[in-house]
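J.: no sequence on this one, just coordinates:
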Ligand SMILES: *Cc1c(COP(=O)(O)O)cnc(C)c1O
């Protein structure tokens, strides 16, 4: 057993004549070496080859190769969750300095800021997601990293990544983009100026609600090595079974996205015409902040969007949401089943007020029959206007008043 050290990520040859279309699942903690000299050189294999199961298996390296290809990246590193990916990039880049997050950021990042970054001496600041090149006014010599999440969680602001990246780079800061909504099929963040493209693989890339994983893709070898070094210190590793499931998910990513995109657009347009709805936050609709930026930078949409309801709907909202039959109540979107998540955006903000005050429903279109989903929304929304006669505080105003 004398394996030469591998220098490039490559697919392990299958034994004998077994040539499968499915990627092989390689389990292993210990990796054995053929000689004392080889064992002595095992650290040479850390970034590319195999020295210990935690640092990579042929299955995880194959998944990383495929995600890097989708992102137009040179390198990818898969870690145990999307949140782990965000924390990894932040710790790897912002140590001893400041990091900027959009105010529309994935909410658990705020916990990262208070529970880990602050005690470690990393200052987190939150900025108006629509700031564009104006971010320059927030950049200081201490700013190491600027995060972009476009569109933002819940409130869906599409950010001007090229302008933000240009300003950050002029000030010597790195730029990380959380591309979970778009996936590399709808927007390759690295093509628009980001140094790191981060994906919560748990969402569309896997796409079946059964794997938790995150991915960081980069073009710069030094940044890749820095991520690997910090990831090793954090003890990150992923299971080969999970990697194989994600590779299965990738086979249908485009089909699933196309279907979810079409369904979501149909539902968004239907909802925009409803009197209970104040506005629909979907990047492909003009009512979404940053719509023109979406048209410029994205090759399409995915299936997640938000609906801002009129304030008067609040008291009846639980009954309406619970009447939905096709939409399950839950988070972690981007899979085969449609989801609804009721969200109050106001407490999520610290830099600028939320762009909406009414209750928000975030919808994730799954792969069900779009007509059934629309009918499901219609039967549930009918409960906003129960049969006449029982006037109470929550009664909707007359239809004529609410249609604009
Ligand atoms: C879900 C999500 C994450 C975190 O992914 P996990 O794998 O659940 O940790 C990060 N960013 C965005 C935009 C998300 O939607």
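T.: Arrived safely, thanks for sending. The structure presented is a predicted model; accordingly, all values stated were derived computationally and were not measured. Numbers count the residues shown, from 1 in each chain.

J.: quick one, strands of the stretch 1-150 of the chain?
T.: 75-79, 98-102, 123-127, 143-149 (DSSP state E, counting those that start in this stretch).

J.: want to throw these into JSON lines with mean neighbour count and mean pLDDT?
T.: (Glycine included, C-beta is placed from N, CA and C.) Converted to JSON lines, those look like this (neighbours: other Cβ atoms under 10 Å; pLDDT from 0 to 100):
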{"stretch": "strand 75-79", "mean neighbour count": "25", "mean pLDDT": "98"}
{"stretch": "strand 98-102", "mean neighbour count": "26", "mean pLDDT": "98"}
{"stretch": "strand 123-127", "mean neighbour count": "19", "mean pLDDT": "97"}
{"stretch": "strand 143-149", "mean neighbour count": "26", "mean pLDDT": "98"}
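
J.: contacting residues around the nearest residue to residue 101 once chain neighbours are set aside?
T.: Distances taken as Cβ to Cβ, 6 or more residues apart in numbering place residue 147 nearest to residue 101, at 4.8 Å, with adjacent residues excluded. By Cβ atoms under 8 Å, 6 or more residues apart in numbering, the contact set of residue 147 is 86, 90, 99, 100, 101, 102, 105, 109, 175, 176, 177, 178.

J.: one more pass at 7 Å, please.
T.: 99, 100, 101, 102, 105, 176, 178 (Cβ atoms under 7 Å, 6 or more residues apart in numbering).

J.: ok, residue 376 next?
T.: Contacts of residue 376 by Cβ under 7 Å, 6+ apart are 324, 325, 326, 327.

J.: how deep is residue 221 tucked in, by neighbour count?
T.: 11 (other Cβ atoms under 10 Å).

J.: with the one 3 residues further on instead?
T.: Other residues near residue 224 come to 21 when the count uses other Cβ under 10 Å.

J.: would you say it is within a strand?
T.: No. Residue 224: not assigned to a strand; according to DSSP: H, G, I helix; E, B strand; the rest coil it is helix.

J.: re earlier: tabulate the strands of the stretch 1-150 of the chain (JSON lines), appending distance to residue 32.
T.: Below are the strands of the stretch 1-150 of the chain laid out as JSON lines (distance: least, Cβ to Cβ, whole Å):
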{"stretch": "strand 75-79", "distance to residue 32": "24"}
{"stretch": "strand 98-102", "distance to residue 32": "41"}
{"stretch": "strand 123-127", "distance to residue 32": "44"}
{"stretch": "strand 143-149", "distance to residue 32": "39"}
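
J.: quick one: closest of the ones you listed to the ligand.
T.: Within the strands of the stretch 1-150 of the chain, the stretch nearest the ligand is strand 143-149; the backing value is 5.8 Å (Cβ to the nearest ligand atom).

J.: do you know how far the residue in the stretch 201-350 of the chain positioned nearest to the ligand is from residue 90?
T.: Here the residue of the stretch 201-350 of the chain nearest the ligand is residue 202; by Cβ to the nearest ligand atom that distance is 3.5 Å. Per Cβ to Cβ, to the nearest Å, residue 202 is found 18 Å from residue 90.

J.: one more: residue 27?
T.: 31 Å.

J.: give me the more crowded residue out of the two.
T.: For residue 27 versus residue 90, neighbours defined as other Cβ under 10 Å are more numerous around residue 90 (26 against 10).

J.: please look at that one and residue 146 and confirm they touch.
T.: No. The criterion here is Cβ atoms under 7 Å, and residue 90 misses it with residue 146 at 11.0 Å.

J.: so how far is the helix or strand hosting residue 318 from its chain's centroid?
T.: Using DSSP states H and E, residue 318 maps to helix 317-323. Averaged C-alpha coordinates place helix 317-323 at 27 Å from its chain's average position (Cα atoms, centre = their mean, to the nearest Å).

J.: the nearest residue to residue 149 once chain neighbours are set aside - how many residues pack around it?
T.: Spatial nearest neighbour of residue 149, chain neighbours left out: residue 178 (4.1 Å); criterion: Cβ to Cβ, 6+ apart. By the criterion of other Cβ under 10 Å, residue 178 has 29 neighbours.

J.: same question for residue 64.
T.: Residue 64: 22 neighbours (other Cβ under 10 Å).

J.: quick one: contacts for residue 156?
T.: Taking Cβ under 7 Å, 6+ apart as the criterion, residue 156 is in contact with 281, 282, 283, 288, 305, 306.

J.: do I have it right that the residue nearest to residue 149 meets residue 104?
T.: No. Applying Cβ under 7 Å, one finds residue 178 not in contact with residue 104, separated by 10.4 Å.
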